[in-house]
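A.B. asks: structure for this input, please:
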Amino acid sequence: MSKPTPPLELHPDRLLPADPARRGVARALYESVKDLPIISPHGHVPPAWIADDTPFRDPTSLLITPDHYITRMLHAHGISLSDLGVGRGPLDEADARAAFRALCSHWSAYRGTPVRYWLEEELGGIFGVDVRPSADTADQIYDTIAARIAQPDFTARALMKSFNIDVLATTDDPCADLSEHARLAGDATFGHRVVPTFRPDKYLDPGLPDWNADADRLGQVSGEDTSTYAGFIAALESRRRYFVQHGAVSADHGVIDAVTVILDEGEASRIYAAARAGRVTEEESTALRRHLLTEMARMSCEDGLVMTIHPGVRRNHHTATFESYGPDVGCDIPIAVEYTDSLRPLLDAYGTHPNLHLVLFTIDETVYSRELAPLAGFYPSVYVGVPWWFIDAPEAIRRFRSAVTETAGFSRTSGFIDDTRAFCSIPARHDMSRRLDAGYLADLVLEHRLPEDEAHEAIHDLVVTNPTNVFKL
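C.D. replies: The predicted structure is shown next:
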C-alpha cells in the first residue's frame, strides 16, 4: 500500500501564542487588522510587471528565480543557480519543471525558516495547493500553479487587488526614466499606488569600477555637467526632484558602514576631481563616499524624501558567483555595524530638522537596544526600521519588539517592510508581522501593562499609521 500524500495545512492560529489565554487576546488583536490594506513602502518588485500586466510565464519564474531567499538555500544544497533560472532569462518548460522539482525535493531544507512559512502561505493561500511539496508532488503542484496563473485574475494587477496592496514602492536607478510609474499614475482604472524609490548607491561610491561611467550617465540624463563636483551634486538634486515629481517618497541607501563625515566644499571638490581623473586614494574615496551619504540627508531636508539606510552587509561575498550572475542573487553576508558615533556628524547637522525622516535598518541585532532605540528615542528625525532580510523571521521580530519598545515605544518604528522581489510573498510577509505583533501586544495586555483598547489602537498604528507617517504617504 502506498503511503498517503501528506496535506499542506495552514493552521488559523499559526504564529499566535501557544498559551490559550494569550492566544485568545492575540487572536482578537490579529482579527482586527488582518484584512487591512497592505502598505509596502520599500520593495523590489519590477515596476514593469505591474505596468505591463503581462501574464506570468510559469511557476518557477514567478516563485523561485526572483527570490534569493529560496535560491540561496538550494545553492547551499548543491543546486546551481543557473538551474534555477538565475541569470538565464526565461526557462523552457522542461527546465522550469526541473527547477520546481529541485525546490520540492529539498522541502525539508526549509524547516523552521520563514521561507517555509511564506511558501506555505503562497502555495495554500494563493494557489490552492493542498499537498505538501516533495519529489512525488512537485509536478502536481507545478500544474496547479500553472493552471492558476493562466487565468485572467492572476495577472500582476489582478493580484495587486486580491492581495489588497494599497501602496507598493519599487527600487529604481536615479537615471531611470520612470515611464512605468508614469503609465500607472495616469491609469484611472488602476486604483493602486506604485511609487519609485531613489537608490543612488553606485553613484555615491567613487571606489566602484564603473563609477566614472555612471557619473557621466548621470550628467547626460540630468543635463548637468558632472565633470565638476558642483555639477555632480546638481545632477543628483535634479534627479531627486524628477523622482519626487513621479511620486517617490523615499531615497534608499545600502552602504557598507553607517559612517558619515562632512567635508568642506573645497576638499570634496578636490577628491571628486581626483576620482574623475583616476588618481583617488582608497582613503579619499571612502571619505567622499561618507560625505555624499551626509549630502543625501541634506537633500532630504530640502526635497522631503524619506532617507532609509541599511548598512552592514558585505555584498557579493563570493566573487565567482558575482562574476557569473551579478548582484542580488543571495551571496550577500552581514557584518557588524556601529551607528552612534558613525551617524553623529549627520545627526549633529540635520537630526532635528523638521523635514528629515531617517529610517535606520540593521542586520546586526545587537544594536537595537544599545544604539537604534536610544537614537530614535531622542532625535525627532530618527525611526527604527523593522527586521528585514536575514532577520525577517518570527523570533527576530519578537526580539526586535522587546529590544526597541522599552526605549523608543511603538511610534518610533517604521511599520513592516517586506523588502522583496518575490511578489507573491508580500501578503504572507505582512500577515506574519501582524500575527507576531498581536502576540507581543497580548503579553502586554495580560501582564496589565497596557489596556486592551490601547493594544487595539497600537496594532492598527503598526499596520497603517506608522508606515503612513514615517514614509509621508
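A.B. asks: ok now stretch 352-371, how far from the chain's centre?
C.D. replies: 16 Å (Cα atoms, centre = their mean, to the nearest Å).
A.B. asks: hang on, I meant stretch 254-263
C.D. replies: Relative to the chain's own centre, stretch 254-263 is displaced by 20 Å; criterion: Cα atoms, centre = their mean.
A.B. asks: pLDDT at Ser2, what is it?
C.D. replies: With respect to pLDDT, Ser2 scores 61.
A.B. asks: use 655 as the first number for this chain going forward.
C.D. replies: Renumbered: residue one is now 655, and that last one reads Ser656.
A.B. asks: and the residue nearest the centre of the chain, what helix or strand is that in?
C.D. replies: In the chain, the residue lying closest to the centroid (Cα atoms, centre = their mean) is Asp1073, at 1.6 Å. Using DSSP states H and E, Asp1073 is not contained in any helix or strand.
A.B. asks: with the one 10 residues further on instead?
C.D. replies: Using DSSP H and E, Arg1083 falls within helix 1080-1100.
A.B. asks: what's the next secondary structure element after that helix?
C.D. replies: Remark: after helix 1080-1100, the chain's next helix or strand is helix 1106-1114, criterion DSSP H and E.
A.B. asks: ok, back up a step: Trp1043 is in contact with the residue nearest to the centre of the chain, correct?
C.D. replies: Yes - at 6.3 Å, Asp1073 counts as touching Trp1043 under the criterion of Cβ atoms under 8 Å. Placement of C-beta: from N, CA and C, glycine included.
A.B. asks: what's the local residue count around Arg895?
C.D. replies: 16 (other Cβ atoms under 10 Å).
A.B. asks: shaky segments in the stretch 905-1054 of the chain?
C.D. replies: By pLDDT under 70, the stretch 905-1054 of the chain contains no weakly predicted segment.
A.B. asks: now do the end-to-end distance for stretch 952-965.
C.D. replies: Distance across stretch 952-965, first residue to last, is 19 Å (Cα to Cα, to the nearest Å).
A.B. asks: got it, and stretch 700-712?
C.D. replies: Terminal-residue distance, stretch 700-712 (Cα to Cα): 17 Å.
A.B. asks: just give me how far it sits from the chain centre.
C.D. replies: On Cα atoms, centre = their mean, the centre of stretch 700-712 falls 19 Å from that of its chain.
A.B. asks: ok, residues contacting it?
C.D. replies: For stretch 700-712, the surrounding residues in contact (Cβ atoms under 8 Å, 6 or more residues apart in numbering) are 716, 744-745, 747, 750, 800, 803-804, 808-811, 814, 822, 824, 826, 833-835, 837-838, 848, 850, 1075, 1077.
A.B. asks: which ones among those residues are found in helices?
C.D. replies: 716, 747, 750, 800, 803, 810-811, 814, 833-835, 837-838 (DSSP state H).
A.B. asks: of these, which is the nearest to Tyr723?
C.D. replies: Distance to Tyr723, by Cβ to Cβ, is smallest for Leu716 among these, at 14.4 Å.
A.B. asks: how about the closest one: what's its closest non-neighbour residue?
C.D. replies: Distances taken as Cβ to Cβ, 6 or more residues apart in numbering place Phe710 nearest to Leu716, at 4.5 Å, with adjacent residues excluded.
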